[in-house]
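> what's the 3D shape of this:
(2 chains)
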Amino acid sequence: MEFRRTMESKIGFVVNPIAGMGGRVGLKGTDGVFKEAVKLGATPTASIKAEDALRYYLSNYSNKDHIQWFTCAGKMGSEELKNAGVKEKKIVYTPSGKDTTSKDTKQACKNFLKEHVDLILFCGGDGTARNVFEVVNKNVPILGIPSGVKMHSGVFGINTSAAAKMLHEFVNERLIIGDAEIMDLDEVLYRKGEWKIQLFGIAKGIVEPTYVQVGKTSYASVSDDEIKDEITEHIEDEMEKHSDFMFLFGSGGTIDYIAKKLGFDNTLLGIDAVCNKRVVGTDLNEEGLLQLLKTHKKAKIILSPIGAQGFILGRGNLQLSPPVIKKIGLDNIIVVSTPSKIASTPVIRVDTGDKKLDHMFVLEEFMMVVIGYRLSRVVRIQTNNF
Amino acid sequence: MKRNPTAFLKEEYEELVKNDFDWKLRMLQSGSTPHSIVDGKEVIMLCSNNYLNLSNHPRLIKGAIDAAKKFGAGSGSVRAIAGTMDIHMDVERKLAKFKGTESSLIYQTGFAANAGLIPQLVGKGDIIISDEFNHGSIIDGVRLTKADRAVYKHRDMGELENVLKDADKKYKRILIITDGVFSMDGDIAPADEIVKLAKEYGAMTYVDDAHGEGVIGPDGRGIGAHYGIEGEIDVEMGTFSKAFGVVGGLIAGSQDLVNFALNKSRTWLLSGSHPPAVAGAQLAAIEVLETEPEHVNNLWENTKHFKKELSSMGFDTGYSQTPITPVIVGESSVAKELSNSLYDEGVFALPIVFPMVARDKARIRTIMNAGLTREDLDFALEKFEKLGKKLNII
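Model prediction:
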């Protein structure tokens, strides 16, 4: 039942020592404002979080796992590993200055890739996740120990011990690689008073596999792609059943897979429109969507939870503005998700920016989320913001 | 292309063996009795479904022999053509009376009932609403339909109602399916609340009471009697293979249901009917339940004692409400080790491990038997305590 690795896992470990410092002093992030944060009295928290996760990991699992650690000098990983009790590690990067920046995180990740690590474990927030992703892309799965101001991305454990447990499960091949959104607040806009969460890309995260019963007491795991194929068949049926509707494909990995499988060129991070099996709009902004909805009055939109908190609206797809959603109608929203994603984000959240519209979702109480071919699961709706 | 058409047989089997997913069949050199001989060793049996020990009851054995003598070894046909004997009809009449329903129908197995009937009850444009922990035979029955499917969280009536609200607007027929007693945890579906919700939304109800027949409700009459809602569940499905001690599936409900089911269930129409000996034993099993309440009483007395002692030793026995008592030990490897050690000590109980149950909830699933004596139970409990301490579970 359990699979044992015979080889050592190579784990790249990097800490963003300044992650989370802005939060303590009300700066909502540390990108570019580190010095200001220090002036306001911010102290580093990432090292503490990283050591927490490592200690939890070592005290619970160290005897069972075989890990070869690759890390960076000083507070970018080496010190935390040492303090937690990891003796053997290979330092593959040494930052030049005292105050580290995103460049250091990125260079560390480049060096991890050269070492062919199996996973990059980082400690930081959304900004750090983004930096790691910018280098790693989909080459290696990434896992975050949460320590930043914002953790909207889907690559984090929910807390330090959860991240440690995920590392253990990954090393023992009990978790598989799946899509995880990389999201970040546009911090410059935020400090001007605008809240805008962008979807930067789809990384490889680690997720719980979906199991189906194959014998009386035996189960086989089903890959995310097989599940997505099933959901695609479901959507294909829906498009045939409602052939007089325009279908809008939302952003994210699951929907991108479905659209491409159906033969449409699709924008991974944007909204595309299909009518009568023809693409009638790509990477549409709010204006483009409203224009299309004038000529195509009947429309359905396919959405999937984005990021760690299960938002289907308001994170990473702001072009789906309240006027757009109202025109489409709540009844015409189809939410799809792999079961593994629903297991990790058991609540659907909306934050459209329009309180009345959000309230309409609240009144619905729940959504039927498509998790397979003609198979759905009831999921509660919440509108509280994160 | 030249291909080896059967190479997959060996390859896939070897893959199962490699992952420890293959079944290693244990062999009984005795009947399924409270003390059984398993692979040459005498053990206390804690994993058979023979809850009431009826498989060894003299009246059932006599019922089987008498029927075989009178009607022969086989039935000669499927029920629909020439395989319905008066003894089959007697069982169905007696069963309906026992269950407090208008009518009943016997299927070849419980699986045949689920796989044969569910796909006929719903089709395109309909929806099945299913508890997430339902048994594999329900899942396969559901797979054979063209209906949409929605899954609700285990025993969560709030979620069920949410699905019903949504389904009410979109579908023609709505069918709610649940296990009666859930076989991994031993908990009972809130069938009374399910029936209430179903009535409110115009949904059908289907309860698979395989582990409840002969076990729960007054005189073991099953889930309908347990909640005092006899005849209100549209399809009460069950089996003769567990507490009844024989074999065969059953449904109990209205005459309309039975007329519909026997004309439409392909498993029923296309399989030979039960041999007379099976029907004779089934008939006797119902008679025993009606006239000898001590078996059900013993089962529950044994269950209470066993659960109480396990809990006082410090074992986590979950939230079972029935004679299925899980002994939750944590990691899968511990459950496997405990099961093996118990067998060595003369107690036979199987481990249930991830992904059947959560990773940290691996367990030994014990199933009580009315035929076990207090001495037998204390023997088994002593072994659980000894090994539980040795493996640092308690």
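
> Remind me which helix or strand residue 138 belongs to.
No chain specified, so I'll use chain A. For residue A:138, there is no host helix or strand (DSSP states H and E).

> wait, chain B
Assigned by DSSP H and E, residue B:138 belongs to helix B:136-143.

> What residues sit buried inside that helix?
For helix B:136-143, burial by neighbour count (16 or more other Cβ atoms under 10 Å in any protein chain shown) applies to B:136, B:137, B:138, B:139, B:141, B:142. Any C-beta I mention is one placed from the backbone N, CA and C, and that applies to glycine too.

> Likewise for stretch B:354-374?
By 16+ other Cβ under 10 Å, the buried positions in stretch B:354-374 come out as B:354-357, B:359, B:361-372.

> What of stretch B:79-97?
Buried residues in stretch B:79-97, counted by 16+ other Cβ under 10 Å: B:79, B:83, B:84, B:85, B:87, B:88, B:91, B:92, B:94, B:95, B:96.

> residues near the nearest residue to the first one once chain neighbours are set aside, how many?
What sits nearest to residue B:79 in space, not counting adjacent residues and going by Cβ to Cβ, 6 or more residues apart in numbering or on different chains, is residue B:273, at 4.4 Å. When counting by other Cβ atoms under 10 Å in any protein chain shown, one arrives at 25 neighbours for residue B:273.

> thinking residue B:273 is in contact with residue B:74, fair?
No - with the criterion set as Cβ atoms under 8 Å, residue B:273 and residue B:74 do not qualify as a contacting pair; they are 9.0 Å apart.

> which residues of chain B fall in helices?
Assigned by DSSP state H, chain B shows helices spanning B:7-18, B:58-71, B:86-99, B:110-121, B:136-143, B:157-170, B:191-201, B:223-226, B:255-264, B:266-269, B:276-291, B:294-313, B:332-344, B:374-390.

> Can you show me the CA trace of the fourth one as PDB?
Once side chains and other backbone atoms are set aside, the C-alpha atoms of helix B:110-121 remain, and they are given as PDB (Å, rounded to 0.1, in the frame of the first residue of the first chain):
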ATOM      1  CA  GLY B 110     -26.700  -8.000  -2.900                       C
ATOM      2  CA  PHE B 111     -24.400  -6.800  -5.700                       C
ATOM      3  CA  ALA B 112     -26.900  -8.100  -8.300                       C
ATOM      4  CA  ALA B 113     -29.600  -6.100  -6.600                       C
ATOM      5  CA  ASN B 114     -27.600  -2.800  -6.700                       C
ATOM      6  CA  ALA B 115     -26.100  -3.400 -10.100                       C
ATOM      7  CA  GLY B 116     -29.500  -4.500 -11.500                       C
ATOM      8  CA  LEU B 117     -32.000  -2.100 -10.000                       C
ATOM      9  CA  ILE B 118     -30.200   1.300  -9.600                       C
ATOM     10  CA  PRO B 119     -29.600   1.800 -13.300                       C
ATOM     11  CA  GLN B 120     -33.400   1.200 -13.900                       C
ATOM     12  CA  LEU B 121     -34.600   3.700 -11.400                       C
END
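
> helices or strands up against that helix?
In this structure, helix B:110-121 makes packing contacts with strand B:103-107, helix B:136-143, strand B:174-179, strand B:204-208, strand B:235-239, strand B:249-253, helix B:255-264, helix B:266-269, judged by 3 or more Cβ pairs under 8 Å, 6 or more residues apart in numbering or on different chains; DSSP states H and E.

> Got phi/psi on residue A:66?
With angles defined as degrees, to the nearest 10, residue A:66 sits at phi -120, psi 110.

> State the distance from the nearest residue to it once chain neighbours are set aside to residue A:204.
Across the structure, with Cβ to Cβ, 6+ apart as the measure, the residue nearest residue A:66 apart from its sequence neighbours is residue A:8 (4.4 Å). Separation of residue A:8 from residue A:204 (Cβ to Cβ, to the nearest Å): 20 Å.

> Between those two, tell me which one has more neighbours.
Between residue A:8 and residue A:204, counting by other Cβ under 10 Å, residue A:204 is the more crowded of the two (22 against 13).

> The residue nearest to residue A:66 contacts residue A:68, doesn't it?
Yes - counting by Cβ under 8 Å, a contact exists between residue A:8 and residue A:68, whose distance comes to 4.7 Å.

> So which bits of the stretch 101-250 of chain B are right by chain A?
Within the stretch 101-250 of chain B, the positions lying close to chain A (Cβ under 8 Å from any Cβ of the partner chain) are B:136, B:139, B:147-153, B:159, B:162-163, B:166.

> Nearest to residue B:284, out of the residues you listed: which one, please.
Minimum distance to residue B:284 across those is 29.6 Å, recorded for residue B:136 (Cβ to Cβ).

> contacting residues around the helix holding residue B:138?
With contacts defined as Cβ atoms under 8 Å, 6 or more residues apart in numbering or on different chains, helix B:136-143 is touched by A:213, A:216, B:110-111, B:114-119, B:128, B:130, B:149, B:177, B:179, B:208.

> if we go to 7 Å?
Applying Cβ atoms under 7 Å, 6 or more residues apart in numbering or on different chains, the set of residues contacting helix B:136-143 from outside is A:213, A:216, B:110-111, B:114-115, B:118-119, B:128, B:130, B:149, B:177, B:208.

> Just the CA trace of that helix, in PDB.
Coordinates of the C-alpha atoms in helix B:136-143 are reproduced here as PDB (Å, rounded to 0.1, in the frame of the first residue of the first chain):
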ATOM      1  CA  GLY B 136     -18.600  -0.300  -4.000                       C
ATOM      2  CA  SER B 137     -21.700  -2.200  -5.300                       C
ATOM      3  CA  ILE B 138     -23.700   1.000  -5.100                       C
ATOM      4  CA  ILE B 139     -21.000   2.900  -6.900                       C
ATOM      5  CA  ASP B 140     -21.000   0.300  -9.700                       C
ATOM      6  CA  GLY B 141     -24.800   0.400  -9.900                       C
ATOM      7  CA  VAL B 142     -24.600   4.200 -10.200                       C
ATOM      8  CA  ARG B 143     -21.900   3.900 -12.900                       C
END
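
> what mean pLDDT does it have?
Averaging pLDDT along helix B:136-143 gives 85.

> could you list every residue that touches residue B:125?
Taking Cβ under 7 Å, 6+ apart as the criterion, residue B:125 is in contact with B:171, B:172.

> redo that, cut-off 10 Å
Residues in contact with residue B:125, defined by Cβ atoms under 10 Å, 6 or more residues apart in numbering or on different chains, are B:146, B:147, B:148, B:170, B:171, B:172, B:173.

> How about residue A:304?
Remark: with contacts taken as Cβ under 10 Å, 6+ apart, residue A:304 is in contact with A:179, A:181, A:231, A:249-258, A:310, A:312, A:334-338, A:341, A:369-370.

> Inside helices: which ones of those?
Filtering the contacts of residue A:304 for membership in helices, criterion DSSP H, returns A:231, A:253, A:254, A:255, A:256, A:257, A:258, A:341.

> top of the residues you listed by neighbour count?
Among those, the one with the most neighbours (other Cβ under 10 Å) is residue A:341, at 29 neighbours.

> pretty sure it is touching residue A:309, no?
No - under the criterion of Cβ atoms under 10 Å, residue A:341 makes no contact with residue A:309, lying 11.8 Å away.

> Please verify my assumption that residue B:129 contacts residue B:165.
No - with contact defined as Cβ under 10 Å, residue B:129 does not count as touching residue B:165 (11.2 Å).
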